[in-house]
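A.B. asks: structural data only, the sequence is not supplied:
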């Protein structure tokens, strides 16, 4: 039976369940590309939910195999969807459980098989690559124990590698789908810039969430960012200066990625602006209020009003009325 693509309203409904930030960015894309990237993100969120669950490792492996097989073998699709929904999901957000239980979940995989072969191969490649990263970083190998027993990423190289698997792959997926959609190949070197863009967004989230992660005993920042203070303070304290110097390089790559996108990539340019500007604002907010955040006096999160300002600023940058350079210099030059 020929598979049909699910409608945009159904895709958006599920995006709103599992990711409010990307649910804001993805609608700016042109219709067909919007649907493809929305669908891709739902697949990646399903993968991420399996990894984040508290299911035993053998049950996770069972679901991961069914996920991979659902992207490889169209004739066995119904069987693999049934496997994916056969176990009660534990330890993930209620909204993600709702997604797994909904009729839309199976239609996401059916929609994948309605796409052209180029699009399917791109999506499958990066979904499976993200899964490889999950395998690597699910064990203890990439981590080291701090003096209080918390786990940290061992090195800067592993930190970048982790960010590649969880976010860089997404940047490559989106860009390759865009090249197919716009029927235009980007200039050589775009992959390094795209990876920087993805790492920038991921590192923003890791820095923002690091206090909650420390409470759980499993931090995704490198131990380098804490070593200068590990033995001099009663509680762990992030060396914010080191973290900012590292993420500055990623923001610079992200700006260059945006500059690389031609005028014809209209939707993708809007998409990227709506993703990167809140990252700038979040890091700026954290740097300005660091002491209060570390002492638990305020959350590490920009307000709804500031998020609205991000949307307005993105529109100005897109129309050429303002520049990302101003935002970048305000954060890294003024402090």
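C.D. replies: Now that the structure is in, tell me what you want to look at. Predicted model only: the values in this text are computed from it and were never measured.

A.B. asks: got any ranges where the stretch 101-250 of the chain has weak pLDDT?
C.D. replies: In the predicted model of the stretch 101-250 of the chain, residues 227-235 satisfy pLDDT under 70.

A.B. asks: quick one: the strands in it?
C.D. replies: Secondary structure of the stretch 101-250 of the chain by DSSP state E, counting those that start in this stretch: the strands cover 143-145, 151-153, 218-222.

A.B. asks: quick check: which of the ones you listed is nearest to residue 44?
C.D. replies: strand 218-222 (17.4 Å; CB to CB). The C-beta positions use only the backbone N, C-alpha and C, and glycine is treated the same way.

A.B. asks: which residues touch that closest one?
C.D. replies: Strand 218-222 has contacts (CB atoms under 8 Å, 6 or more residues apart in numbering) with 143, 150-156, 158-159, 162, 206-207, 210, 213, 238, 243.

A.B. asks: about what we covered before: Throw the strands of the stretch 101-250 of the chain into JSON lines and include distance to residue 300 and mean neighbour count, thanks.
C.D. replies: Below are those laid out as JSON lines (distance: least, CB to CB, whole Å; neighbours: other CB atoms under 10 Å):
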{"stretch": "strand 143-145", "distance to residue 300": "23", "mean neighbour count": "15"}
{"stretch": "strand 151-153", "distance to residue 300": "19", "mean neighbour count": "23"}
{"stretch": "strand 218-222", "distance to residue 300": "13", "mean neighbour count": "21"}
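
A.B. asks: can you lay out these as a markdown table showing distance to residue 78?
C.D. replies: A markdown table is the format used below for the strands of the stretch 101-250 of the chain (distance: least, CB to CB, whole Å):
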| stretch | distance to residue 78 |
| --- | --- |
| strand 143-145 | 39 |
| strand 151-153 | 40 |
| strand 218-222 | 36 |
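
A.B. asks: for residue 258, which of the ones you listed is the nearest?
C.D. replies: Among these, the nearest to residue 258 by CB to CB is strand 218-222 (25.7 Å).

A.B. asks: paired strands for the closest one, with orientation please.
C.D. replies: The pairing partners recorded for strand 218-222 under DSSP bridges are strand 151-153 (parallel).

A.B. asks: got the angle for the longest helix belonging to the chain vs strand 218-222?
C.D. replies: Scanning the chain for the longest helix, with DSSP state H as the assignment, gives helix 190-216. Taking axes from the mean of the first three to the mean of the last three CA atoms, to 10 degrees, one finds that helix 190-216 is oriented at 140 degrees with respect to strand 218-222.

A.B. asks: which one, of the strands of the stretch 101-250 of the chain, ends up nearest to residue 277?
C.D. replies: strand 218-222 (23.2 Å).

A.B. asks: centre of the chain to the closest one, how far?
C.D. replies: 16 Å (CA atoms, centre = their mean, to the nearest Å).

A.B. asks: one step back: quick one: closest of the strands of the stretch 101-250 of the chain to residue 91.
C.D. replies: Closest among the strands of the stretch 101-250 of the chain, using CB to CB: strand 218-222, at 13.5 Å.

A.B. asks: now residue 34. Nearest residue, chain neighbours left out?
C.D. replies: Nearest non-adjacent residue to residue 34, counting by CB to CB, 6 or more residues apart in numbering: residue 26, 5.9 Å away.

A.B. asks: who's in contact with that neighbour?
C.D. replies: Taking CB under 8 Å, 6+ apart as the test, what residue 26 contacts is 12, 15, 34, 37-38, 41, 271.

A.B. asks: state the distance from it to residue 272.
C.D. replies: Relative to residue 272, residue 26 is positioned 12 Å away (CB to CB, to the nearest Å).

A.B. asks: over to residue 25?
C.D. replies: Per CB to CB, residue 25 is found 8 Å from residue 272.

A.B. asks: cool, residue 109 as well?
C.D. replies: Relative to residue 272, and taking CB to CB, residue 109 is found at 28 Å.

A.B. asks: ok, the two, which is more surrounded?
C.D. replies: Set residue 109 next to residue 272 and count neighbours by other CB atoms under 10 Å: residue 272 wins out with 25 against 22.

A.B. asks: now that one. Nearest residue, chain neighbours left out?
C.D. replies: Among residues not flanking residue 272 along the chain, residue 258 sits closest, at 5.5 Å (CB to CB, 6+ apart).
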